[in-house]
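S.K.: Take a look and give me a structure for this.
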Amino acid sequence: MRGDVQLASGQVGAAIRQRPAKSGEQIFLGDRIASGSNSGMQVLLLDETTFTVGADSQVTIDEFVYDPRSGNGKVAASIGKGVFRFVSGKVAQNEPRNMTVRTPVAVIGVRGTAVWGDIGEDRAIIALAGPGKENNSGDKPGGIDVTSPEGTVKADRPGFGAEVIRGLPPRVIPIPPETAQRVLGALTRRSGGATPPAPNGNPATQSGQSTAVALEDILAGAKVEKAQTFGEVAREIASNEGATPQQASFDDLRLVTGTGSYFVTGVPMSGTGGSGSYNFSLGINYGTRQITSQQYDLFTPYGTMTTVQAGPSFYSTLTGQARFTGSTTINGGPTATANVFFKFLNANGSPASIIQHGVTVTDSSTGTSVSGSGSLPR
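M.R.: Presented below is the predicted three-dimensional model:
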């Protein structure tokens, strides 16, 4: 947790007691956790389901049953207001229909996935973060069913979701980038009001899947088996969330607007063929989703040349990893081939915030090579 977080608990027929919450403490069924301004928190369930909420938000765990041996169980939670994201855990992976999340205007049925949203008393935006049907990560496709008194809609494509307005049928919409930036930026806001410039990673990491991966690593390393150890796990996750750059997708790259011009010189290269260096330059119009210029100046034991072949130029309809590759022969020679690339990584609470570049030159006649790589902030 960060900032002012209050926990309200009380048994049926007894007075509700409210007090400041503490990081790492256990919560119980029916406890309502509310964050103040410039505050936020994360709840970790024993099946590895995670809920993250931002400022002025409320979350309650209404029901939680879990058998760690079989993975069977049930999760029911309520988001009273504010911004949130959650990553479903083993209960939903084992039986998706056994996890539901209630809001004032709709119920979210989870089909093994990650979700974020903005909840109000009479309106909600609920977005699927991933993975969807056509994910390239090998994950089981997920989706959400959003049900209100006026009907049900389904979303199974990341970047889409449901808009629910009280009294009207819910509808599936593409999520505007500015909405994603506002909500997901609010989820990573630090105490004191400083807000990251953009969402926390690609649609999957935005949703908290980076947290889930971190949790898996921690669980594997620490062999966490008992509930009382999860406070330490939660604190470790919170301290590490978003710290490791992740491969961006073209969907992430399309969240970026404006233009960019990047240049770096003297990137070292080394290998069995000796040593060398290269210069790299890149121009992008993020608004039109076009690579406007790119150039690699190569200085290698196999020759010196300039290549600009890592395409295509337009990425408005591309899917998968935001990675551009190309190859060419050195000085037109028959043996030495240069393979070049640049790709985008999500890091530090921002999509496609790092540009990683690299070159490998291989001589097929000798089997020797030199290579080098580097990175630039977007």
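
S.K.: now the helix or strand encompassing E63: how far from the chain's centre is it?
M.R.: E63 belongs to strand 58-66 when assigned by DSSP states H and E. Centre-to-centre, strand 58-66 and its host chain are 24 Å apart (Cα atoms, centre = their mean, to the nearest Å).

S.K.: Now D122. Its backbone dihedrals?
M.R.: Phi and psi for D122, reported as degrees, to the nearest 10, are phi -120, psi 0.

S.K.: And the closest residue in space to it that isn't next to it in sequence, what's its pLDDT?
M.R.: Here the nearest residue to D122 in space, its sequence neighbours aside, is R166; by Cβ to Cβ, 6 or more residues apart in numbering that works out to 4.2 Å. From N, CA and C alone the C-beta is placed, and that goes for glycine too. Here the pLDDT value assigned to R166 is 91.

S.K.: R166 against R123, yeah?
M.R.: Yes: contact criterion Cβ atoms under 8 Å: R166 and R123 qualify, at 6.9 Å.

S.K.: Now list whatever residues contact both of the two.
M.R.: Jointly contacting R166 and R123 under the rule Cβ atoms under 8 Å, 6 or more residues apart in numbering are V105.

S.K.: A180 - that's part of a helix, no?
M.R.: Yes: counting by DSSP: H, G, I helix; E, B strand; the rest coil, A180 is part of a helix.

S.K.: gap between it and T259?
M.R.: Here A180 is placed at a distance of 21 Å from T259 (Cβ to Cβ, to the nearest Å).

S.K.: For these two, indicate the residue with more neighbours.
M.R.: A180 (22 against 13; other Cβ atoms under 10 Å).

S.K.: So that one versus T292, what's the distance?
M.R.: 25 Å.

S.K.: Could you find the closest non-adjacent residue to F250?
M.R.: L318 is the one closest to F250 (Cβ to Cβ, 6+ apart), at 4.5 Å.

S.K.: and what of I61?
M.R.: Of all residues not flanking I61 in the chain, A77 sits nearest, at 5.3 Å (Cβ to Cβ, 6+ apart).

S.K.: S37 too?
M.R.: In this structure, S37 finds its nearest non-sequential neighbour in A55, 5.3 Å apart by Cβ to Cβ, 6+ apart.

S.K.: Could you confirm R97 falls within a helix?
M.R.: Yes: counting by three-state DSSP, R97 falls inside a helix.

S.K.: For the closest residue to it other than its chain neighbours, give me its contacts.
M.R.: Nearest non-adjacent residue to R97, counting by Cβ to Cβ, 6+ apart: G109, 6.9 Å away. G109 makes contact with 96-97, 99-100, 144-147, according to Cβ under 8 Å, 6+ apart.

S.K.: Throw those into a markdown table and include distance to S9, thanks.
M.R.: A markdown table is the format used below for those (distance: Cβ to Cβ, whole Å):
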| residue | distance to S9 |
| --- | --- |
| P96 | 29 |
| R97 | 29 |
| M99 | 23 |
| T100 | 22 |
| I144 | 29 |
| D145 | 31 |
| V146 | 29 |
| T147 | 29 |
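
S.K.: from these, which would you call buried?
M.R.: For these, a burial check counting by 16 or more other Cβ atoms under 10 Å picks out 96, 99-100, 144-147.

S.K.: Might you specify the subset of those located within helices?
M.R.: Among the buried ones among the contacts of G109, DSSP state H puts none in helices.
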